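In: need coordinates for the below:
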Amino acid sequence: MAIQWFPGHMNLTRKAIAERIKDIDVVIEVLDARLPGSSANPLLAEMTGHKPTLKILNKQDLADPDRTLQWLDHYNAQPGVRAVALKASDAISTQRLAPACHALAPGRGGMAKPMRVLICGVPNVGKSTLINALTNKRHAKTGDEAGITKLEQRITLADDFYLYDTPGLLWPRIIVAKSGYNLAASGAIGRNAYDEEEVALELLDYLRQHYAGLLEARFKLAGVAQMKDEEVLESVGRQRGALLGKGRINLQKAAEIVIQEFRGAILGRITLETPQEFAQWLAAGQQLDAQRLAKKAARTGKGKQADQSASDE
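Out: Numbering: from 1, shown residues only. All right, here's what the predicted structure looks like:
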């Protein structure tokens with residue numbers, strides 16, 4: 001079942017961004033380097049697509065470095081886009097961002113034409129940590145959960161450089177099922193919107209295929225690539241002592257272990273998608289969504305025909 005999460009404050013954020021974007025020179029979109037495609041908001045791209053964009057692949061210290069390079073190449077090949085990878089809490093590396101914004105909007109700068117930058121991203125992607133590093137102050141609350149920032153705020157980075165922070169924003173309908181699971185695994189989706197066991201199984205399915213060695217080393221397993229996802233989860237629970245009565249495995253606890261150790265990079269540096277994989281997932285999701293909309297239109301059309309027939313009688 002696809003994971004969806006769009007609480008009420010996100011609709012307000014969408015409206016605020018739509019209004020603010022009129023006066024913005026550059027958009028900074030903060031992505032999770034472990035899932036750059038899934039954490040890129042298509043709704044944001046729709047609202048800000050005509051603006052120069054700086055893609056920040058945050059949490060690069062948790063991500064697979066080879067795959068991070070692939071994603072940087074992917075985004076840097078797009079017109080009007082620059083991409084950099086960093087760790088948001090590293091104040092030195094974040095100092096590259098202001099020059100990158102000026103490169104995207106060279107006509108802005110100085111008191112007559114101050115740079116105006118909107119910073120956006122999905123929940124729990126590290127925007128607040130990044131802002132605090134940029135300003136060397138605690139302007140924004142931080143935490144390892146979705147939905148910390150609730151209101152827009154303007155931050156002055158320099159006399160001629162204004163940064164507008166917005167709450168984390170998802171999109172009303174996630175059409176790429178894999179993205180929903182990846183976002184949940186990363187902590188971008190509220191806990192009540194998904195089943196941890198289901199997310200852990202999806203996560204293990206990908207890790208078995210691409211990072212089997214990391215699973216085997218961390219959980220002292222062998223032949224992970226040939227195991228079923230459920231078998232791996234049970235083995236994790238057994239190895240970590242997540243047991244119920246009569247030797248049964250506490251699958252909920254085992255799932256929590258898998259997810260938390262992925263989030264903290266205790267398993268190792270992992271990226272859950274490549275540009276090529278995400279393009280395939282997106283194409284499949286778009287096709288399914290088009291079919292869904294066609295069926296809905298057909299049902300609506302039949303309903304209108306029935307109503308018309310009834311009124312004619």
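
In: CA atoms for contacts and neighbours, from now on please.
Out: Will do.

In: show me where the stretch 151-300 of the chain has its helices.
Out: Assigned by DSSP state H, counting those that start in this stretch, the stretch 151-300 of the chain shows helices spanning 177-186, 196-210, 212-219, 229-239, 251-263, 275-312.

In: chain center to the second one, what's the gap?
Out: Averaged C-alpha coordinates place helix 196-210 at 17 Å from its chain's average position (C-alpha atoms, centre = their mean, to the nearest Å).

In: just the longest one next, same as before
Out: Between the mean C-alpha location of helix 275-312 and the chain-wide mean there is a distance of 26 Å, by C-alpha atoms, centre = their mean.

In: repeat that for the shortest one.
Out: Relative to the chain's own centre, helix 212-219 is displaced by 25 Å; criterion: C-alpha atoms, centre = their mean.

In: and that helix with helix 229-239, angle?
Out: Orientation of helix 212-219 against helix 229-239 (axes from the mean of the first three to the mean of the last three C-alpha atoms, to 10 degrees) gives an angle of 20 degrees.

In: could you list the buried residues of helix 212-219?
Out: 212-216, 219 (16 or more other C-alpha atoms under 10 Å).

In: identify the residues contacting it?
Out: 207-208, 221-225, 236, 239, 267-268 (C-alpha atoms under 8 Å, 6 or more residues apart in numbering).

In: before we move on, what about stretch 125-140?
Out: 30-32, 58-59, 88-91, 94-95, 119-121, 141-142, 149, 155, 157, 188.

In: so what's the spatially most central residue of the chain up against?
Out: Geometric centre of the chain, nearest residue: residue 39, 2.4 Å, by C-alpha atoms, centre = their mean. Shown in contact with residue 39 (C-alpha under 8 Å, 6+ apart): 31-32, 121-122, 179, 183.

In: now render the helices of the stretch 151-300 of the chain as JSON lines, adding mean pLDDT and distance to residue 108.
Out: Output for the helices of the stretch 151-300 of the chain, formatted as JSON lines (pLDDT from 0 to 100; distance: least, C-alpha to C-alpha, whole Å):
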{"stretch": "helix 177-186", "mean pLDDT": "96", "distance to residue 108": "35"}
{"stretch": "helix 196-210", "mean pLDDT": "97", "distance to residue 108": "44"}
{"stretch": "helix 212-219", "mean pLDDT": "96", "distance to residue 108": "47"}
{"stretch": "helix 229-239", "mean pLDDT": "95", "distance to residue 108": "52"}
{"stretch": "helix 251-263", "mean pLDDT": "97", "distance to residue 108": "38"}
{"stretch": "helix 275-312", "mean pLDDT": "81", "distance to residue 108": "32"}
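
In: right, I'll leave it there.
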